[in-house]
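Q: dropping a prediction and its sequence here:
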Amino acid sequence: MRIPQFRYLLLAASSFLFACSGRTVKEKINSASEKAGEVIGETAKGVSRGLENAFQITILKKDSVALSAIDFGKILLSSDSSGSDNKLSVYIIYNNDLKREVTLKVFDKNKLEIGRSRALLNGKKDQAVYIDFIFDPHTNIDRDCLIIME
């Protein structure tokens, strides 16, 4: 009979301690939850930045002398109405006046050409605009494709 009485005493003491320290326990739980949330948030931001860098699209300039009049800003990959990942919107920054037709060529990871698109670059110094390059609907541009402007 002593064991059941001991259990009641232990239960009463535990309840009393928990009730007395309930506020601090709750605060500690909330604080730990906030810290866990911060860690998860920072991890998610880091993963997002890492993925963004891993999937960044780069365009190489074949004729660097003639194309030195421009720089590239953001490059967006999307789909037009008839294809899948076959549209590149390139933010062109004009360092000097330029009026020139250019061709973007896309090569797969085996260096095989899979598409090309032409556009007229016509801008004045310090101007910046998005230019859309729309490829054949069969061209599916992956993030690891090589893209060259000539």
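A: Right, received. Where do you want to start?

Q: run through who's touching stretch 99-106.
A: Stretch 99-106 has contacts (Cβ atoms under 8 Å, 6 or more residues apart in numbering) with 59, 66-67, 88, 90, 113-122, 133, 135, 139, 141, 145-150. No exception for glycine: its C-beta is placed from N, CA and C like everyone else's.

Q: from the residues you listed, which would you call buried?
A: Neighbour counting with 16 or more other Cβ atoms under 10 Å marks 59, 67, 88, 90, 114-117, 119, 121, 133, 135, 139, 141, 145, 147-149 as buried within these.

Q: narrow those residues to those in strands?
A: 59, 88, 90, 114-117, 119, 121, 133, 147-149 (DSSP state E).

Q: could the residues you listed go into CSV alongside distance to S79 and pLDDT?
A: Converted to CSV, these look like this (distance: Cβ to Cβ, whole Å; pLDDT from 0 to 100):
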residue, distance to S79, pLDDT
I59, 19, 93
L88, 11, 96
V90, 16, 97
I114, 15, 97
G115, 13, 97
R116, 18, 97
S117, 14, 98
A119, 18, 97
L121, 23, 96
F133, 13, 97
I147, 16, 96
I148, 22, 96
M149, 21, 96
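
Q: dump these to a markdown table, plus distance to V106.
A: Supplementary listing: those in a markdown table, determined by distance: Cβ to Cβ, whole Å:
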| residue | distance to V106 |
| --- | --- |
| I59 | 10 |
| L88 | 8 |
| V90 | 13 |
| I114 | 5 |
| G115 | 4 |
| R116 | 7 |
| S117 | 8 |
| A119 | 14 |
| L121 | 18 |
| F133 | 9 |
| I147 | 5 |
| I148 | 8 |
| M149 | 11 |
